[in-house]
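Engineer: could you work out the structure for the sequence below:
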Amino acid sequence: MLSYLTVGYNVIEGIISIIAGALAGSIALIGFGLDSFIESISGGVMIWRFSQGDKEEEEEERIEKRATRLVAYTFFILGAYVLYESIKKLVVSEIPEPSLLGIIVAIVSLILMPILFYMKFKTAKALNSSSLIADAKETLACMFLSVALLLGLGLNYLAGIWQADPIVGLFIVAFLVKEGYGILTEKEE
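Structural biologist: Modelled structure (predicted):
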């Protein structure tokens, strides 16, 4: 149920964020929307992973490893896109418009993501599922992205500091790469 909730919420959040980001020219907001779709993919991987039914222990471990790797790769895919767009916006001085809708999306996400993270993490520990722990970390990443997004959009909206948007994008990239790498190396240990 947590995975279905994740997918449903993130599809809606992603659509709204990308529309608001396109209207404002905000890479941080578009990147946040894309992260919502990446998190939906991660939730889809969890739905697939837990729909496999009871398997032999060796098969169960193989499925768990595959699911964990797939979730980790989603971090890198998003990071590459946000890196490209953030650098491009800084180099060519693409100035995003302020986005009140984006600020509202970030605030809603800041409220919901910690709750969803806690529920996923608690469930993952109870099930001893490293793939669900990785998925919970993706939800935690979404919460941190919400903070960064709110900072970037807020500085642009309130103070006209347009550079905050792509700079926040670069911080988002660092976080995504760190998390993706951490998930891959944790599983190899």
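
Engineer: which helices and strands sit right next to the longest helix seen in the chain?
Structural biologist: When the chain is parsed with DSSP state H, its longest helix is helix 57-92. For helix 57-92, the elements it packs on are helix 27-50, helix 130-159, helix 164-188, judged by 3 or more Cβ pairs under 8 Å, 6 or more residues apart in numbering; DSSP states H and E. Where C-beta positions appear, they are placed from N, C-alpha and C, glycine not excepted.

Engineer: I'd like those helices written out as TSV, with distance to L78 added.
Structural biologist: As requested, the helices and strands packed on helix 57-92 are exported to TSV (distance: least, Cβ to Cβ, whole Å):
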stretch	distance to L78
helix 27-50	5
helix 130-159	9
helix 164-188	6
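
Engineer: pick the most deeply packed of the ones you listed.
Structural biologist: Burial of the helices and strands packed on helix 57-92 is given as mean neighbour count (mean count of other Cβ atoms under 10 Å); helix 27-50 ranks first at a mean of 25.

Engineer: and it, what does it pack onto?
Structural biologist: Against helix 27-50 (3+ Cβ pairs under 8 Å, 6+ apart) you get helix 2-24, helix 57-92, helix 100-127, helix 130-159, helix 164-188.
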